[in-house]
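A.B. asks: Sequence plus the predicted model coming up.
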Amino acid sequence: MSLNTTPRILIGKPGLDGHDRGAKVIARALRDAGMEVIYTGLRQTPEMIVEAALQEDVDAIGLSILSGAHTVLLPRIMELLAENDMTDVPIFLGGIIPDEDIPKMEAIGVTAVFGPGTSIEHITTFIQETLARD
């Protein structure tokens, strides 16, 4: 990402989870922090999320999963990102992710996992600092 461009962040809700309040709060917070946010909406397949990320030329992808399907959805998303030469795009994950699954998510390439109660300021700062390093 160039220093003179506005960061483009895709926020997605993969799977059948129908609760998107958290994703919308994060999307709004990132917009308020000066980022451009593309929200894909509910019930997105891994293919839909990666295609949107590719088409929108995003700098990072944030995913919200409350359904417990992260162990199935994230490996597929990471596989599709690799197939599209997008392994340099940071992935951050929020929602209900059991502590024992966090190392598994990190092992497949997830940059960060934010659980319930994580402050919006922490998430925003993390994304800004991560993108500044690239």
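C.D. replies: Received it, and whenever you're ready, just let me know what you need.
A.B. asks: Tell me who's in contact with P46.
C.D. replies: Shown here is P46, whose contacts under the criterion C-beta atoms under 8 Å, 6 or more residues apart in numbering are P14, L73, R76, I77, L80. (C-beta placed from N, C-alpha, C; glycine too.)
A.B. asks: so which strand or helix has G62?
C.D. replies: When secondary structure is defined using DSSP states H and E, the element that contains G62 is strand 60-65.
A.B. asks: repeat for T130
C.D. replies: helix 120-133.
A.B. asks: do G94 as well
C.D. replies: G94 is located in strand 91-95, with elements delineated by DSSP H and E.
A.B. asks: Adjacent strands (with direction) for that strand?
C.D. replies: According to DSSP bridges, strand 91-95 forms sheet pairs with strand 60-65 (parallel), strand 112-114 (parallel).
A.B. asks: next helix or strand past the longest one?
C.D. replies: In this case it means strand 60-65. helix 70-83.
A.B. asks: Name the residues that touch stretch 75-94?
C.D. replies: Residues outside stretch 75-94 that contact it (C-beta under 8 Å, 6+ apart): 14, 22-23, 26, 46-47, 49-50, 53-54, 58-65, 70, 74, 105, 108-115, 118, 123, 126-127, 130-131, 134.
A.B. asks: are any of those buried, and which?
C.D. replies: When neighbours are counted using 16 or more other C-beta atoms under 10 Å, those contain these buried positions: 14, 22-23, 26, 46, 49-50, 53-54, 58-65, 70, 74, 105, 109-114, 123, 126-127, 130-131.
A.B. asks: can you tell me the average pLDDT over the strand holding G62?
C.D. replies: Strand 60-65 shows a mean pLDDT of 97.
A.B. asks: Give me the distance between that strand and the centre of its chain.
C.D. replies: Counting by C-alpha atoms, centre = their mean, to the nearest Å, strand 60-65 is centred 2 Å from the centre of its parent chain.
A.B. asks: and it, C-alpha only, in CSV?
C.D. replies: Included here for strand 60-65 are C-alpha records, laid out as CSV according to Å, rounded to 0.1, in the frame of the first residue of the first chain:
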residue,chain,number,x,y,z
ALA,A,60,-6.7,-6.1,4.2
ILE,A,61,-9.6,-8.5,4.8
GLY,A,62,-11.6,-8.6,8.0
LEU,A,63,-13.9,-11.5,8.7
SER,A,64,-16.6,-11.9,11.3
ILE,A,65,-17.6,-15.4,12.3
